[in-house]
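Peer 1: compute the structure for the input listed below.
(one chain, ligands or ions: 2)
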Amino acid sequence: MSLAVCTVSHTPLMTRNEPAPGVRDRVEAAFAEARAFIGDFAPDVVVVLAPDHYNGFLYDMMPPFCIGTEARSVGDYGYEEGPLQVDRDLAHTLASAALAAGIDVAVSERMHVDHGFTQPLTLLFGGIAAVPTVPVFINSVAEPLGPVSRARLLGDALGRAAAGLGRRVLFLGSGGLSHDPPVPALAGATPEVAERLISGRNPTREQRAEREKRVTAAAREFAAGTLPLQPLNPEWDRALLDVLASGRLEELDSWSNESFVEQAGHSSHEVRTSIAAYAALAATGPYVVTQSFYEPIPEWIAGFAVTTARTA
Ligand SMILES: O=C(O)/C=C/c1cccc(O)c1O
Ligand SMILES: [Fe+2]
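Peer 2: Ligands and ions are numbered 1, 2, ... in the order given. Have a look, this model is predicted:
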């Protein structure tokens, strides 16, 4: 039995916008440290816990959780397009274990994933198919969302199952802390936008480029103070990282969905992926956080963290 955790914020704006001097170097150093941790741990398989941004999961069928037995990247924001290297048997094992534990995960034989999965796989392993993975989608964007406790319990169920495998399993959580990028919502959407959120799974190259250009420009204006997106909230982010490090994950159960949005923006729900990753590790006993990097980076619309943890 051997489990470990790495959590990283993702932001596709990393390759589009230049942050303040020194920021990129510090982020790259944090990723280098995380890569060294992962190298030492030498995982046999990586369970990637990540959200989607209306690229693979749309409102024609929006599950709270889904485990992919096969998965393919849509290639958004210039990340590699094509198949991930999914450990199909393990995906089935983990899905069965989660269901047996009372967590209603969906299963996809043809999951489509976006930068939420591909960016951390690229930055930490060098490619989207470089390591055997089990991709686990955690809806963090498309309301309505279940309570945060469900992500914790999903992680707990996956951790218990993984602990019995006799393999070295890394739980990789992908998602920012406070941030509210201009991802559209179904509530109040125009008919055209609503249609895209319901069934716009295969945009044209031009449509994808237009979306990416719009979000990139919005981030530049946000950083310049000329676009009033919800501000990043370093205080909230540090409080969340403190709870993750403390091991008292049940404390997060009392954080309401509304409080996430009010204090840290709609997309702060992406920290459900970190909560699930830490809950997986906690399922096997006490743990220690071995790295905790954090910076608010407006040019990337991201409260940006990199953390690693292992069994104490
Ligand atoms: O889906 C998009 O176009 C943008 C996504 C984004 C931007 C900034 C931070 C994130 O976590 C994102 O997913
Ligand atoms: Fe995101």
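Peer 1: sec struct for residue 72, please.
Peer 2: strand (DSSP: H, G, I helix; E, B strand; the rest coil).
Peer 1: and it, what does it touch?
Peer 2: 81, 82, 83, 84, 110, 111, 112, 113 (C-beta atoms under 8 Å, 6 or more residues apart in numbering). To be clear about C-beta, it is placed using only N, CA and C from the backbone, and glycine gets the same treatment.
Peer 1: can you select the buried ones from the residues you listed in ChimeraX?
Peer 2: One line in ChimeraX is enough to select the buried ones among these; burial here means 16 or more other C-beta atoms under 10 Å:
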select :84,111,112,113
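Peer 1: run a quick neighbour tally on the closest residue to ligand 1 within the stretch 1-150 of the chain.
Peer 2: The stretch 1-150 of the chain approaches ligand 1 most closely through residue 53 (3.5 Å), counting by C-beta to the nearest ligand atom. Other residues near residue 53 come to 23 when the count uses other C-beta atoms under 10 Å.
Peer 1: separation between it and residue 281?
Peer 2: Here the criterion is C-beta to C-beta, to the nearest Å. By it, residue 53 lies 26 Å from residue 281.
Peer 1: so what's the residue of the chain most remote from its centre scoring on pLDDT?
Peer 2: What lies farthest from the middle of the chain is residue 191; by C-alpha atoms, centre = their mean that is 28.5 Å. The model reports residue 191 with a pLDDT of 98.
Peer 1: same deal with the one 3 residues further on?
Peer 2: Reported pLDDT at residue 194 in the predicted model: 98.
Peer 1: OK, now which residue of the stretch 151-300 of the chain is nearest to ligand 1?
Peer 2: Counting by C-beta to the nearest ligand atom, the stretch 151-300 of the chain gets nearest ligand 1 through residue 181, at 3.6 Å.
Peer 1: quick check: nearest residue in space to that residue, chain neighbours excluded?
Peer 2: Take residue 181 and drop its neighbours on the chain: the residue closest to it by C-beta to C-beta, 6 or more residues apart in numbering is residue 301, 4.5 Å away.
Peer 1: ditto for residue 229
Peer 2: residue 222 (4.8 Å).
Peer 1: might you report the residue contacts of that neighbour?
Peer 2: 229, 298, 301.
Peer 1: tally up the residues packed near the first one, please.
Peer 2: Read that as residue 229. There are 17 residues near residue 229, going by other C-beta under 10 Å.
Peer 1: quick one: it from residue 304, how far?
Peer 2: 16 Å.
Peer 1: kindly report the same for residue 292.
Peer 2: Residue 292 sits 12 Å away from residue 304, going by C-beta to C-beta.
Peer 1: these two: which is more packed in?
Peer 2: residue 304 (27 against 17).
Peer 1: the nearest residue to that one once chain neighbours are set aside: neighbouring residues, count only.
Peer 2: Leaving aside its sequence neighbours, residue 304 sits nearest to residue 9 (C-beta to C-beta, 6+ apart; 4.4 Å). With neighbours defined by other C-beta under 10 Å, the count for residue 9 comes to 30.
Peer 1: likewise for residue 206?
Peer 2: Residue 206, neighbours per other C-beta under 10 Å, totals 8.
Peer 1: can you give me the strands in the chain?
Peer 2: Taking DSSP state E, the strands of the chain run over residues 2-8, 45-50, 65-68, 71-73, 82-83, 106-108, 111-113, 133-138, 168-174, 287-297, 302-311.
Peer 1: I am finished for the moment; much appreciated.
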